[in-house]
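In: no sequence for this one, just the structure:
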């Protein structure tokens, strides 16, 4: 009886592993290049909601810091981007990024494309469709790429506990403060989609997360 | 035997919860700076500065150091508000805490010292 039980457990373990792809398999270049410093590029807004760009820009910084990376202050780089007329990231998404390496010292640049942004006023929810692309300033290659369509319930806290919950709650507290719930929703979307991104130098799991599971390339979810 | 397994699972579950912590304490700094960049009034600046003080001096999370960029941002704002020496000291503190920031921050320091 015991043996059957053990076999069953092993079969379960193996079958669950077989379907999952690891972070090393999905994002091998992250582990090859080991970027430390990330410049957050101004979001590329493909929606009619003009303000989404501003709302979204500041929401990338804290979640990326929490992943263990050095992230340049968006407030300070924004001024530089504006004077260098780089406040529109469109021309850079496929171009040479070496200038960001020279001027900032950035190893990688995080591009975001806001594909949809819709609000359900009655239900108090907001749905954001965003693609995240991290490109190397050395090789120009894409190190990380994932897209999410995240519906955020802006009326309540997550209460889910753990690191993820703490991050979401951190984002949710802003509902009660000066910032709008749109900023909160953007941040929750970022935290959710980037949850499978390999971590950086300042995280305790740095260089130990190769075997952890990577998520689907496109993720659709509702976050509460 | 069964009891040991149950106990082991409990311990695993508990330790799993314990290790899950944020790297930094953020307080309301992000929202305060966002509001300040949108509406640059005396009032919003004062609120943002109070949040920077908290984030720099009261880190309760895992790393016990200020997050990347915060010393620099606060220093930059202080310089712009006329407190140049204090501001430059914070910008230098950013490089000390995060040497990888030197290329960018020393550029800012040079601009401010002119």
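Out: Yep, it's here. Here the structure is a predicted model, which is why all the values come from computation and not from measurement.

In: residue closest to the middle of the chain?
Out: As the question left the chain open, I've gone with chain A. Nearest to the mean C-alpha position of chain A, by Cα atoms, centre = their mean, lies residue A:194 at 3.2 Å.

In: wrong chain, I was asking about chain B
Out: Using Cα atoms, centre = their mean, the most central residue of chain B is residue B:67, at 3.2 Å.

In: That one in helix, strand or coil?
Out: Three-state call for residue B:67 (DSSP: H, G, I helix; E, B strand; the rest coil): coil.

In: In contact with it, which residues?
Out: Listed by Cβ atoms under 8 Å, 6 or more residues apart in numbering or on different chains, the contact set of residue B:67 reads A:62, A:65, B:23-24, B:26, B:55. No exception for glycine: its C-beta is placed from N, CA and C like everyone else's.

In: let's see 10 Å
Out: A:61-62, A:65-66, A:70-71, A:73, A:202, B:22-26, B:29, B:55-56, B:59, B:61, B:73, B:97-98 (Cβ atoms under 10 Å, 6 or more residues apart in numbering or on different chains).

In: Of these, which belong to helices?
Out: Among the contacts of residue B:67, the ones falling in helices (DSSP state H) are A:61-62, A:65-66, B:29, B:55-56, B:73, B:97.

In: wait, which of these is closest to residue A:95?
Out: Nearest to residue A:95 out of the ones in helices among the contacts of residue B:67 is residue A:61 (Cβ to Cβ; 23.0 Å).

In: Look at residue 55 and say how many residues are nearby.
Out: You didn't pick a chain, so chain A it is. By other Cβ atoms under 10 Å in any protein chain shown, 25 other residues sit near residue A:55.

In: my bad, chain B
Out: 23.

In: gap between it and residue A:125?
Out: If you measure residue B:55 against residue A:125 using Cβ to Cβ, to the nearest Å, the figure is 30 Å.

In: Equivalent analysis for residue A:88, please.
Out: Here the criterion is Cβ to Cβ. By it, residue A:88 lies 29 Å from residue A:125.

In: Between the two, which has more neighbouring residues?
Out: More crowded of residue A:88 and residue A:125, by other Cβ under 10 Å: residue A:125, with 19 against 13.

In: so where do the strands sit in the chain?
Out: Using chain A. Taking DSSP state E, the strands of chain A run over residues A:37-40, A:44-45, A:70-71, A:108-120, A:125-136, A:142-153, A:218-223.

In: which one of those strands lies closest to residue A:77?
Out: Of all those, strand A:37-40 sits nearest to residue A:77, with 6.2 Å by Cβ to Cβ.

In: so where's chain B uncertain?
Out: B:1-20 (pLDDT under 70).

In: Would you agree residue A:102 is in contact with residue A:39?
Out: No. Shown here, residue A:102 and residue A:39 do not form a contact pair, counting by Cβ atoms under 10 Å, at 11.7 Å.

In: so what sits against both of the two?
Out: residue A:137.

In: Compare these two and say which one has the larger neighbour count.
Out: Neighbours per residue (other Cβ under 10 Å) separate residue A:102 from residue A:39, with residue A:39 holding more: 24 against 11.

In: shaky segments in chain A?
Out: Ranges of chain A meeting pLDDT under 70: A:1-19, A:121-123, A:154-181.

In: In it, which residue sits closest to chain B?
Out: With Cβ to the nearest Cβ, the shortest gap between chain A and chain B falls at residue A:105, namely 3.1 Å.

In: Surely that residue is in contact with residue A:72?
Out: Yes. At 8.7 Å, residue A:105 counts as touching residue A:72 under the criterion of Cβ under 10 Å.

In: With that, I have no additional questions.
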